[in-house]
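S.K.: fold the following and give me the result.
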Amino acid sequence: MKALAEFVMRGRFQALLVTVLGAGSMMFCWVSAAVVALVTLRKGAGQGAWLLLWALLPAGTMLYLYAESGPLALLLGTMVLALVLRTTVDLPLAVLASVAVGAVTGLGLYAFNGQYLEQIIAAFGEFLANLEQQLSQGGEPVVLARPEAVQIAGMLGTGTAMMAVLSLLLGRYWQAALYNPGGFGAEFKALHYPVAVSAALALGMVALSSLGLQYRSWAMMCAVPLSFAGIALVHARAGVRGRGKGWLAGFYLAWLLFDPVKLLVVFVAIADSWFDFRQRWAASAGSDVDERRDNED
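M.R.: Below you'll find the model as predicted:
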């Protein structure tokens, strides 16, 4: 991946080529978004906006021809996060801005792209109908709940928020790898939210979830910053304990497969806002060093 970043930063044509090639594809639009973030962070908002405008051509074509707004939303959302990070040099604030990106994306889909939502609902309905048929064989009929448009819009908004943060982090990683080796790791491991922010996000999750099942996907938007803060804490702990890449790979596999692990990561991030585990670990490590010195003396 570093080789791709080096290629992109050789010149405007190279950056334009990679960005445009990926911008019209759901599979590779995250690469284009990460390139836009890298150029914005390194060369400024003007260069990033120039690249974004060209990327909007294939992304806009996808929207016009197939009502597929994913690449467009991801590119715009990542650009917003990159601008926040470049302006404030505050990674937690940039990740927090993903909540607004997800909300605007979800609301925009619900208000202006109902045709796309209906296509997804129809696809879900067909899948669930086949699943009901299989589950009902040789027993009582099984009826599964169908998602509504507002629920799908929330899911897509949350997905865009998550992918925008991942694209931003990839762009930031590339920037550090090229110009400040090792800087990204320290910055990401320090990702942390104060009590007021984590409490507001937690209350937002509870309030939206209480509105009904269809709004739980919207509640997950508030969990995006806390999820990344929790993951950053896991990386910080792995560094303190000297855990290798295999341990972190196992954690990510569990996080992807099991919802309780996702919830645990969010709860750990909230607890970290109150107890500041990193500071406690640093103090404990310092005490261990002092104790070893006393024993040597």
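S.K.: drop to CA atoms for contacts and neighbour counts, all remaining ones
M.R.: OK.
S.K.: and Leu109, what does it touch?
M.R.: By Cα atoms under 8 Å, 6 or more residues apart in numbering, Leu109 lies in contact with 117, 153.
S.K.: hey, where'd the helices end up in the stretch 1-150 of the chain?
M.R.: 2-8, 12-23, 29-43, 45-66, 70-88, 91-96, 98-112, 114-135, 149-179 (DSSP state H, counting those that start in this stretch).
S.K.: so which of the ones you listed gets nearest Asp276?
M.R.: helix 91-96 (15.0 Å; Cα to Cα).
S.K.: residues in contact with that closest one?
M.R.: 81-82, 84-85, 165, 187-188, 191-193, 225.
S.K.: list the contacts of the closest residue to Ser25 other than its chain neighbours.
M.R.: Nearest residue to Ser25, sequence neighbours excluded (Cα to Cα, 6 or more residues apart in numbering): Pro71, at 7.0 Å. Applying Cα under 8 Å, 6+ apart to Pro71 gives the contacts 23-26, 29-30, 59, 62.
S.K.: spatially, what comes nearest to Leu63 if we skip its sequence neighbours?
M.R.: Ser69 (5.1 Å).
S.K.: for that neighbour, grab phi and psi.
M.R.: Reported as degrees, to the nearest 10, the phi and psi values for Ser69 are phi -100, psi 0.
S.K.: check Met27 too.
M.R.: phi -80, psi -30.
S.K.: okay, and the helix or strand of the protein with the least pLDDT?
M.R.: Here the helix or strand of the chain ranked lowest by mean pLDDT, DSSP states H and E is helix 277-296, holding a mean of 66.
S.K.: what sits closest to the residue nearest the centre of the chain if chain neighbours are left out?
M.R.: Among the residues of the chain, Met162 comes closest to the average C-alpha position under Cα atoms, centre = their mean, at 2.4 Å. What sits nearest to Met162 in space, not counting adjacent residues and going by Cα to Cα, 6+ apart, is Val224, at 6.3 Å.
S.K.: the one you found contacts Ser98, doesn't it?
M.R.: Yes. Using Cα atoms under 8 Å, Val224 is in contact with Ser98, at 7.5 Å.
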